[in-house]
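Undergrad: this one's sequence-less:
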């Protein structure tokens, strides 16, 4: 069992930290808003008042924050860097970044982490809040194979499909691809349901038969009913998915590859965020397609 | 057990007819090219030399031909219509059209069939050649509920998920939606894999972890490895998928609904057909995205 620091106790970080506690680890949590820290303490974890405080005795540091700049400030610190993970963690500690950030930033921060004597892994997750609660996340891991092997027993407490996909940054690259597929699959389902409703088809029956054939998907299973019910409570927010589609379209451009449907869906998600729907679940893509079709 | 006529013994029709024979039905097959009829006879079916010959004693007539005009000429006949299904089938027979055609044509032909004393169902299928061979097709059925109930024991010999989705034409509407989802999901996967390869990620590992999360789909399971292997042997041909995307985009336009990704993928499929790749499996969408990205 390990001493684990978890930085960032949001919608994903908190249930992951709680599952690490349940697995028998000593878990110290830090979050900017203190109420989340108290929730972890109520579940058997420890609370820390700063990043430095959280990581000082940790063998494993897990970060789970919203975006690239958030990771950067947590690990590299502000105020001369003295308050960051790199300046305060024990030499040889594993740093597992579970956040979803830019692959190039992940690769750069991994190099900085090695310079600071840490063992970095980028390990973004997929599976959403429910997947985090149920400890069945898919985790795509970039970094050294030996560090991956060392982290595996820890990651098994929060995830189910845990795969080493390449050197540092690769986990984020796979997560970017994941977010492209998910967004496009959600939009495809949205278009199909708007189309079926316009023709007065029995959509409950239709979703059942669509799910049984080559159109079947996790998105259809998990988001189809939400669209029929017009229930777009998050879940995973469009604003965060917009951030991720910015990552994948920009990384695709840097690599010189085209993502025509990825780019198109990024525009639709941007439009939803721009008009104030960024707080909806990403199944809210349905709403825009319905409204563009004169439906509700 | 029933007397069943099967018109159209192609890549889908022949294995469906064979499975009906295996289920104990008396199956009489007709096909324009005779070698397919001989294959059915070798499997225990009977051969017919014309549509009229095939359907004259049938309680159930199944048509499985490529496109709307093909169905129309088979059922309404050419040469004054005297050689078609409607002119030759027994009153009260079930006519099950398993072809994938335009919903409006399906509805119109169903009305004609009722006038001719038949009981029409539009029952397009999903699941591909392997699904037809394994008798696990998804079947989306439009028509009268009583006729659906009468057809169900027959359809169970060829399909697994068999659902009544609404009045005549509805089965085709759901199939159109199915083809939209499948094409868009294939293109999403193509873009993701081109992107991952450009970054040198371990794509075998990546597909495993993507399949475990919200990006998981039947398309990923069945087409991912084909893309990694650059194996685009059909399977379901791009030329046929192009026909189906013409149906869905035109039906969407008639209903006044937008299908932005459906329309975009229809263009990509058209481009592949235009340059001579219509004979490839629809996973061949990968090829265009790779080449547009300067890859192979």
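TA: Thanks, I have the structure now. Because the structure is a prediction, the values reported are computed rather than measured. Residues are numbered from 1 along each chain as shown, chains lettered A, B, ... in the order given.
Undergrad: immediately after the top helix by length along chain A, which helix or strand?
TA: Using DSSP state H, we find that the single longest helix of chain A is helix A:170-198. Using DSSP states H and E, the next helix or strand after helix A:170-198 towards the C-terminus is helix A:203-212.
Undergrad: in the sheet, who's paired with the closest residue to residue A:46 other than its chain neighbours?
TA: Excluding its sequence neighbours, the residue lying closest to residue A:46 (C-beta to C-beta, 6 or more residues apart in numbering or on different chains) is residue A:28, at 4.3 Å. C-beta here means a position set from N, CA and C on the backbone, and glycine is covered the same way. Taking DSSP bridges as the rule, residue A:28 bridges to residue A:5, residue A:46.
Undergrad: if you rank every helix and strand of chain A by mean pLDDT, what lands last?
TA: Every helix and strand of chain A was ranked by mean pLDDT, DSSP states H and E. The lowest is helix A:128-133, at a mean of 91.
Undergrad: break chain A into its domains for me.
TA: A:3-167, A:174-292 (automatic domain parsing).
Undergrad: how far does the first one sit from its chain's centre?
TA: Just to be clear, that refers to domain A:3-167. Put simply, domain A:3-167 sits 12 Å off its chain's centre (C-alpha atoms, centre = their mean, to the nearest Å).
Undergrad: start and end of that domain, how far apart?
TA: 25 Å (C-alpha to C-alpha, to the nearest Å).
Undergrad: ok so, going back, what's the least confident helix or strand of chain A packed up against?
TA: In terms of contacts (3 or more C-beta pairs under 8 Å, 6 or more residues apart in numbering or on different chains; DSSP states H and E), helix A:128-133 is packed against helix A:13-22.
Undergrad: list the buried ones in the helix it packs on?
TA: A:13-21 (16 or more other C-beta atoms under 10 Å in any protein chain shown).
Undergrad: if we check chain B, which of those residues are in contact?
TA: Taking C-beta under 8 Å from any C-beta of the partner chain as the test, chain B is in contact with none of these.
Undergrad: and the two most separated of those residues?
TA: A:13 and A:21 (12.7 Å; C-beta to C-beta).
Undergrad: if you count neighbours, what's buried in stretch A:199-216?
TA: A:199, A:201-203, A:205-216.
Undergrad: is that stretch positioned near chain B?
TA: Yes: counting by C-beta under 8 Å from any C-beta, chain B has neighbours in stretch A:199-216: A:199-202, A:205-206, A:208-216.
Undergrad: gap between that stretch and the chain center?
TA: The answer for stretch A:199-216 is 29 Å, by C-alpha atoms, centre = their mean.
Undergrad: quick check: mean pLDDT of that stretch?
TA: Stretch A:199-216 comes out with an average pLDDT of 95.
Undergrad: got the contact list for the closest residue to residue A:163 other than its chain neighbours?
TA: Of all residues not flanking residue A:163 in the chain, residue B:209 sits nearest, at 4.0 Å (C-beta to C-beta, 6+ apart). Applying C-beta atoms under 8 Å, 6 or more residues apart in numbering or on different chains to residue B:209 gives the contacts A:126, A:138-140, A:161-163, A:165, A:174.
Undergrad: now, the residues you listed that are in helices?
TA: Those of those lying in helices (DSSP H): residue A:174.
Undergrad: just the buried residues of stretch A:164-178, please?
TA: A:164-178.
Undergrad: within reach of chain B, which of the residues you listed are there?
TA: Checking the buried residues of stretch A:164-178 against chain B (C-beta under 8 Å from any C-beta), the matches are A:164-166, A:169-170, A:173-174, A:176-178.
Undergrad: what two of those residues are the furthest from one another?
TA: Longest span within these, C-beta to C-beta: A:164 and A:176, 17.0 Å.
Undergrad: residue A:104 sits in which helix or strand?
TA: Per DSSP H and E: helix A:103-115 holds residue A:104.
Undergrad: does any bit of that helix sit next to chain B?
TA: Yes: counting by C-beta under 8 Å from any C-beta, chain B is contacted by helix A:103-115 at residue A:103.
Undergrad: got it, and stretch A:252-271?
TA: Yes: counting by C-beta under 8 Å from any C-beta, chain B has neighbours in stretch A:252-271: A:252, A:255-262, A:264-265, A:268.
Undergrad: run through who's touching that stretch.
TA: Against stretch A:252-271 from outside (C-beta under 8 Å, 6+ apart): A:104, A:180, A:183-184, A:187, A:238, A:241-242, A:245-246, A:248-249, A:282, A:285, A:288-289, B:184, B:187-188, B:191, B:194-195, B:198-199, B:260-261, B:264-265, B:268, B:289, B:292-295.
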